[in-house]
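Participant: need coordinates for the below:
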Amino acid sequence: MKKTLLCIASAAALLISGCAQIPLPYAAAPGSSGNAAATESQTADEAAATEAQAADVAEGELWELAEEAYIFAYPLVLMDMTAQTMPANTLVHARSLATAENKSVVTMNVDTLYTQIIIDLKDEPIIFTLPATDRFMEMQIMDAWSNTTAVLDKEGVYAFVRKDDTTELPENVTRVELPTRISWVLGRVILNGDDDLPNVVEIQDGMDICPLSVYLSGEAHNNAVLAGEGIRNDIVPVQAVAAMDAKEFFGLANELMTDNPPADADKPEIDRIAALNVGAGLVFDETVLNDDSGDGFKAMLKKFYTDVAAEALAFSEKLGIWNYFGEPIGDFGTEYTYRAAVAVSGFGANTIDVAIYPKCAADENGETFDGKKDYILHFDTLPPVLEKGFWSVTAYGNDDFLIANPLDRYAVNDRSDFKLNDDGSLDILLSSDTDTGSDLYLLPTDEEGFHLFMRIYLPDMDALGTWNAPTIKQYSPQ
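Facilitator: Next up is the predicted model:
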């Protein structure tokens, strides 16, 4: 990181005098009324001590504000990195379920085939056609800040338009307003085994996307690619963002905010972080952080990951020994730390009416999973879902990606070939050893460590209130 070093005393002088763009709460040490008043009532030594104290406080508060700005902008920058992995305004179809080789998005599911679209409304509205289906299919549309703005699940022709765009649309086209230039459509179609693949492919091929001008002209078009060809594997978005220094991160955030403006409700936060020259149309100057070595920013990043994880706990809902992120997941409003936490650990999460994602990282005794040990995942009864709903349990490594294993098996779900017990319950073996010799259905884990996500799509929230969530205990064969 190339930064110009400003001494703490100089920075404090700027802060106290008001020359720096720092709001009043950051202007002086608690209890002081400014540098001029201090020099009039104190000796030179006392004034120097006061100035040093002000610098220490201001330095700490600046990093608090820097973290606040980072938290606010993190999903926006991560969305841009995600957008860079795909061509814009193009259907990107996955023709096979995710595997351990997929690193574009953390905690990917292995229940549905994805169709992704990066919508770019720079020039004109984009027309999207969705075919009829007889199964679970939903197209989740997220704005550049990762808020879900719409979910499409019915046959129709839709026009993605900016909310201030007054372009006249054909009568048969449904208007879908998007608040930002860039949006991410994450489509999911359930796959009921390998034999079902042609049916899902037919659904995907029935989708269509093109600019409005092309749609009106009647010209032939085929803006679709397969994921293997259309997704760049040289960019892992979460890693790309983590590798940025302050100038790269905040500089990009400022650029992105111009065409992807924050919501009206974000104005108080925007006014605060503008003190660091973070905001649309601003030029970030990294010298304001007084961090020539970059060590301060690195320390802030470590604190960021700790803080967002802790903050997310406030939104955690318990389901037995499992926990899942509750409202307002997927449509975060001004819960910026929660929004960042979900972006870090599960970018693209649905709102709870579409799906919940209970996580478990410890057994029924509260002991963190040991990858070198085996466990039994036990269901008294299977998860309650509404019509077209489904469930699964997927294992992930400590990096939040799928676990490579000889069976290429990453989950157990309601389509797996397990056998229920005589009483209707279900036992699943969790083990890093894929050659256990057990008759139980095996979900491979990682001996370096693992955790589980249970997905319940279209959950019956009323029934969940009395449902006994699955338990997990250590297993030793008799």
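Participant: alpha carbons only for contacts and neighbour counts from here, please
Facilitator: OK.
Participant: where is the longest strand in this structure?
Facilitator: Scanning the chain for the strand with the most residues, using DSSP state E, yields strand 385-397.
Participant: ok, residues contacting that one?
Facilitator: With Cα atoms under 8 Å, 6 or more residues apart in numbering as the test, strand 385-397 has contacts from 107, 109-111, 135-136, 383, 402-403, 410-414, 443-446, 448-460.
Participant: cool, stretch 182-202 as well?
Facilitator: Against stretch 182-202 from outside (Cα under 8 Å, 6+ apart): 79, 83, 95, 111-121, 135-144, 260, 348, 415.
Participant: and if you look at stretch 216-227?
Facilitator: Contacts to stretch 216-227, defined as Cα under 8 Å, 6+ apart, come from residues 89-95, 208-210, 214.
Participant: mind listing the helices for this structure?
Facilitator: 8-17, 35-41, 44-83, 197-205, 212-217, 227-230, 237-242, 246-259, 267-273, 295-312, 336-346, 461-464 (DSSP state H).
Participant: tabulate these (JSON lines), appending distance to Ala362.
Facilitator: JSON lines is the format used below for those (distance: least, Cα to Cα, whole Å):
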{"stretch": "helix 8-17", "distance to Ala362": "45"}
{"stretch": "helix 35-41", "distance to Ala362": "54"}
{"stretch": "helix 44-83", "distance to Ala362": "28"}
{"stretch": "helix 197-205", "distance to Ala362": "35"}
{"stretch": "helix 212-217", "distance to Ala362": "51"}
{"stretch": "helix 227-230", "distance to Ala362": "34"}
{"stretch": "helix 237-242", "distance to Ala362": "25"}
{"stretch": "helix 246-259", "distance to Ala362": "35"}
{"stretch": "helix 267-273", "distance to Ala362": "37"}
{"stretch": "helix 295-312", "distance to Ala362": "17"}
{"stretch": "helix 336-346", "distance to Ala362": "17"}
{"stretch": "helix 461-464", "distance to Ala362": "21"}
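Participant: if we can go back for a sec, filter the contacts of stretch 182-202 down to the ones in strands?
Facilitator: Using DSSP E, the contacts of stretch 182-202 in strands are 112-120, 137-143.
Participant: so Leu130 touches Gly206, yeah?
Facilitator: Yes. The criterion here is Cα atoms under 8 Å, and Leu130 meets it with Gly206 at 6.8 Å.
Participant: which one of the two is surrounded by more residues?
Facilitator: Leu130 (22 against 13; other Cα atoms under 10 Å).
Participant: which of the contacts of strand 385-397 are buried?
Facilitator: Among these, those buried by neighbour count (16 or more other Cα atoms under 10 Å) are 107, 109-111, 136, 383, 402-403, 410-413, 443-446, 449-460.
Participant: what about those, which are in strands?
Facilitator: 411-413, 443-444, 450-459.
Participant: pick the one among these closest to Gly371.
Facilitator: Phe450 (6.4 Å; Cα to Cα).
Participant: show me what that closest one bridges to in the sheet.
Facilitator: Gly397 (DSSP bridges).
Participant: tell me how far it lies from Lys318.
Facilitator: As for Phe450, its distance to Lys318 is 20 Å (criterion: Cα to Cα, to the nearest Å).
Participant: same check, this time on Leu65
Facilitator: 32 Å.
Participant: more neighbours: these two, which one.
Facilitator: More neighbours surround Leu65 than the other of Leu65 and Lys318, with 19 against 14 (other Cα under 10 Å).
Participant: not counting sequence-adjacent ones, nearest residue to that one?
Facilitator: Ile273 (6.7 Å; Cα to Cα, 6 or more residues apart in numbering).
Participant: the one you found touches Gly279, doesn't it?
Facilitator: Yes. At 7.3 Å, Ile273 counts as touching Gly279 under the criterion of Cα under 8 Å.
Participant: more neighbours: these two, which one.
Facilitator: Gly279 (26 against 21).
Participant: next up, the contacts around that one.
Facilitator: 253-254, 257, 270, 273.
Participant: now with 10 Å, please.
Facilitator: Neighbouring residues of Gly279 by Cα atoms under 10 Å, 6 or more residues apart in numbering: 69, 73, 250-251, 253-258, 261-262, 270-273.
Participant: out of the residues you listed, who's nearest Ala299?
Facilitator: Using Cα to Cα as the measure, the one of the contacts of Gly279 that approaches Ala299 most closely is Ala69, at 15.0 Å.
Participant: and that closest one, how far is that from Pro87?
Facilitator: Taken as Cα to Cα, the span from Ala69 to Pro87 is 29 Å.
Participant: quick one: which of those two has more around it?
Facilitator: Counted by other Cα under 10 Å, Ala69 and Pro87 do not tie: Ala69 has more neighbours, with 24 against 19.
Participant: so where's the stretch 101-250 of the chain shaky on pLDDT?
Facilitator: For the stretch 101-250 of the chain, no stretch is flagged by pLDDT under 70.
Participant: repeat that for 80
Facilitator: Where the stretch 101-250 of the chain drops to pLDDT under 80, the residues are 104-106, 222.
Participant: pLDDT of the longest strand of the chain, averaged?
Facilitator: Mean per-residue pLDDT for strand 385-397: 97.
Participant: buried stuff in that strand?
Facilitator: 385, 389-397.
Participant: from these, pick the one nearest Glu155.
Facilitator: Gly389 (18.3 Å).
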